[in-house]
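K.L.:
Quick one: sequence and predicted model below, then my questions.
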Number of protein chains: 2
Amino acid sequence: MNIIAFPSRTEWPALLARPVQRSEEIEQVVAPILEQVRRDGDAALRTLSLKFDKIDLTEPGFVLEETELANAQTQLTDELKTAIRQAYQNIRTFHEAQRQPIEKIETMPGVTCWRKSVGIEKVGLYIPGGTAPLFSTVLMLGVPAQLAGCKEVILCTPSNHPAILFAAHLVGIRRVFRVGGAQAIAAMAYGTETVPQVYKIFGPGNQYVTAAKMLVAKEGIAIDMPAGPSEVAVYADDTAIPAFVAADLLSQAEHGVDSQVLLVSTSKKLIMNTNLVLTTQLENLPRRDMAAKAIANSKAILVETEDEAIDLLNQYAAEHLILSVENAEAVAERIINAGSIFLGNFTPESAGDYASGTNHTLPTNGFARAYSGVSLDSFVKKITVQSITPEGLQRLGKTIEAMAEAESLRAHKHAVSIRLASIE
Amino acid sequence: MNIIAFPSRTEWPALLARPVQRSEEIEQVVAPILEQVRRDGDAALRTLSLKFDKIDLTEPGFVLEETELANAQTQLTDELKTAIRQAYQNIRTFHEAQRQPIEKIETMPGVTCWRKSVGIEKVGLYIPGGTAPLFSTVLMLGVPAQLAGCKEVILCTPSNHPAILFAAHLVGIRRVFRVGGAQAIAAMAYGTETVPQVYKIFGPGNQYVTAAKMLVAKEGIAIDMPAGPSEVAVYADDTAIPAFVAADLLSQAEHGVDSQVLLVSTSKKLIMNTNLVLTTQLENLPRRDMAAKAIANSKAILVETEDEAIDLLNQYAAEHLILSVENAEAVAERIINAGSIFLGNFTPESAGDYASGTNHTLPTNGFARAYSGVSLDSFVKKITVQSITPEGLQRLGKTIEAMAEAESLRAHKHAVSIRLASIE
């Protein structure tokens, strides 16, 4: 780790800057793929899947149906099935509590307004292929979709890993399409003969997938959020255990060489000791080459005071923020920018990544300044409803008339006046 | 209105299609403006404001400070001030009820998770100039920003209409920048010497403003939602009063020639009578030329049954949906796609546009399928927090380890194992 002692506030922006994503070149690759799928549908998916994913979609297995999803569990160990079911249950419990009951508000006598939550009718989830089969992400997206009552939930993934299929089955997904990359995003955005069009697209992916999501978002297809490399910031004091801190930093570093890892402390001793154990732990990791590169780019920042640490962390706006400090909960209350916060020595990031119940789809790249992580809210729309009685309109009418008149919108005014005249 | 009787379901998509926005050409105009502001800051704003808005930003008045905002009320009638204050109060009451208290959820014994809402630190509101001074939109965006506790709320508008400044003062805005168009969006997205950078941008505007918002959104600046021309759908039966329905259709039509106006009914009589009074009412409107063009493009669709009407309305996903039918509330429960719903004969759209309390910044162009209107939620982020006790981790640990192992993320597993080992 690069240890930076007592940087001045003017140095913070450079220290906390994320690697710049050169998205334009990638967009130039992705835009023609989107256009090809929009134009040629399934035929384009076949060509592109063969080219990029070496998957032949003319073979059976383009669409995995309900029975195949249900049968996937036979290929999993009982231990893993139990674990996935436990995670499912905790995620469900946490997201279930996010339901909002309808509350009718009488803003004035006779003027009643409320909001009702309705699941987005058609949503699409994307799960990348690659070395790690991200079945945990199937749960993180599928559980809130299921709770929201989304009528059609589809999953596109180039993987046919049984744990992904089992998780899909558990969250009630009935159809999985074995399509990956930008072409999968295009299929869900525009629809093809086989893949239905959806209204909102969720899920992680490489830079091509991300660029595809941003491009279709510009056309009005909703997406979960913009994405960047995963990141963790740990704020630790002398009550933190260096071996735990090192393990947390490494669990972020193993995601990839572009993972962002940041340690902040008022204790030089903690930083030094963490750095020491980190080297030892790194040696024992299967993904040590990748993790070592991420760690080599990472920073440990020594600051003077807790206030300074909190300011710096709020400026960074980490996706994951671990507070391994004595007064963790009090510090958490002063955090205004973060995706998810982990308190104390026994709350590792991996708990939230998998099974504590919180969602692991979180804003990276400083987007936590304006975006929330995925939640039940991400899968519903809130429709406002209002009902006004004649007496209510008599009370409110003058206000509307005066405002509409001042905005030169005479027909808006007239829609009230004509009603008021009918009452009198 | 074009009256279409009993179209088949296969004809619906064409009937309900919105005008296609040719955004690419506009983007090509807007992208260099964004770049110019990013590079040259205030100097670019001065050049562009003089060119597009005929505003000289070297004169005093580039920034309107608190005292100027407070003094604006001296230029307003008491009637208008009272109306604005009443609207402010109702909007505040409705949005205040959207606050969510923190609820700690123990997903398993010793595993506690919750969410806390934090106002987005810096937000920017945009209000266009033009003929209608949209002070109502200042309230619709400013009230939830104020309730959310956003620390810095700025307003960019080329208008210096006293009602806009008064509304800004009422919602606690301390600085208004007299900048308009795409350059205003750029100023808030990138910051200039004078205009601070914000994390999320809200507000209506012409196609240039909309294109600018979509372009900065692609760079990670959050925006309220994608935008299209305003629209209303009215579903009416024989209990509806044709004069009221006509007034509602016209209040939408006066927004502009591209306004979308749709009447759906199972009653031919209602459609015919509405069409008749509409012609008369149109004659008396100051904006009759514009409204007449919008009405000429609008459609009245006669359907067989209520079920068919509801399906059609859900397929259309109107920004505003007026239900002037006997069983309005029961029908509303079956609506799954709409921005805001207005029930019965005495709930005109203009009530929601100005003063009932609901927000008038709503999804157009069918975006209501996936997007909600602006609410308190739009101005906060929800940060998840979790705290696990050693006993809790003992209960949950195996699940995390099994899942991390199966995803080949060994460091994630190790972050748990090392903690479990320390407990035993």
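P.N.:
All right, it came through fine.
K.L.:
so how far is chain B from A:E219?
P.N.:
8 Å (CB to the nearest CB, to the nearest Å). Quick note: C-beta positions are derived from backbone N, CA and C, even for glycine.
K.L.:
now that residue, nearest residue through space, not along the chain?
P.N.:
Nearest residue to A:E219, sequence neighbours excluded (CB to CB, 6 or more residues apart in numbering or on different chains): A:A189, at 7.3 Å.
K.L.:
The one you found: what's it in contact with?
P.N.:
Neighbouring residues of A:A189 by CB atoms under 8 Å, 6 or more residues apart in numbering or on different chains: A:34, A:197-198, A:201, A:216, A:219, A:221.
K.L.:
what about A:W12, how many residues close to it?
P.N.:
A:W12 has 16 neighbours, counted by other CB atoms under 10 Å in any protein chain shown.
K.L.:
next one: phi and psi at it?
P.N.:
Phi and psi for A:W12, reported as degrees, to the nearest 10, are phi -60, psi -50.
K.L.:
what does the one 5 residues further on give?
P.N.:
Per-residue torsions, A:A17: phi -60, psi 140 (degrees, to the nearest 10).
K.L.:
re earlier: where's the residue nearest to A:E219, which helix or strand?
P.N.:
helix A:181-190 (DSSP states H and E).
K.L.:
What is the subsequent helix or strand relative to that helix?
P.N.:
Once helix A:181-190 ends, the next helix or strand along the chain (criterion: DSSP H and E) is strand A:200-202.
K.L.:
and that next one, average pLDDT?
P.N.:
Strand A:200-202 shows a mean pLDDT of 98.
K.L.:
Then stretch A:64-79?
P.N.:
pLDDT averaged over stretch A:64-79 gives 95.
K.L.:
That stretch close to chain B?
P.N.:
Yes - Stretch A:64-79 is in contact with chain B by CB under 8 Å from any CB of the partner chain, via A:E79.
K.L.:
Can you give me the buried ones in that stretch?
P.N.:
Within stretch A:64-79, the residues scored as buried using 16 or more other CB atoms under 10 Å in any protein chain shown are A:64, A:68-69, A:72-73, A:76.
K.L.:
again with stretch A:382-402
P.N.:
Neighbour counts using 16+ other CB under 10 Å place A:382-388, A:392-394, A:396-402 of stretch A:382-402 among the buried residues.
K.L.:
With only the CA atoms kept, save it in CSV.
P.N.:
What follows is stretch A:382-402, C-alpha atoms only, in CSV (Å, rounded to 0.1, in the frame of the first residue of the first chain):
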residue,chain,number,x,y,z
LYS,A,382,-44.8,5.2,-6.9
ILE,A,383,-47.9,6.5,-8.5
THR,A,384,-49.5,9.5,-6.8
VAL,A,385,-53.3,9.6,-6.6
GLN,A,386,-55.5,12.5,-5.5
SER,A,387,-59.2,12.9,-4.8
ILE,A,388,-60.9,16.3,-4.2
THR,A,389,-64.4,16.8,-3.1
PRO,A,390,-66.5,19.8,-4.3
GLU,A,391,-65.9,21.4,-0.9
GLY,A,392,-62.2,20.7,-1.2
LEU,A,393,-62.1,22.4,-4.5
GLN,A,394,-63.9,25.4,-3.1
ARG,A,395,-61.2,25.7,-0.5
LEU,A,396,-58.3,25.1,-2.9
GLY,A,397,-59.7,26.6,-6.1
LYS,A,398,-58.6,30.3,-5.6
THR,A,399,-55.1,29.2,-5.0
ILE,A,400,-54.9,27.2,-8.3
GLU,A,401,-56.6,30.0,-10.2
ALA,A,402,-54.2,32.7,-9.0
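K.L.:
Nothing else from me, thank you.
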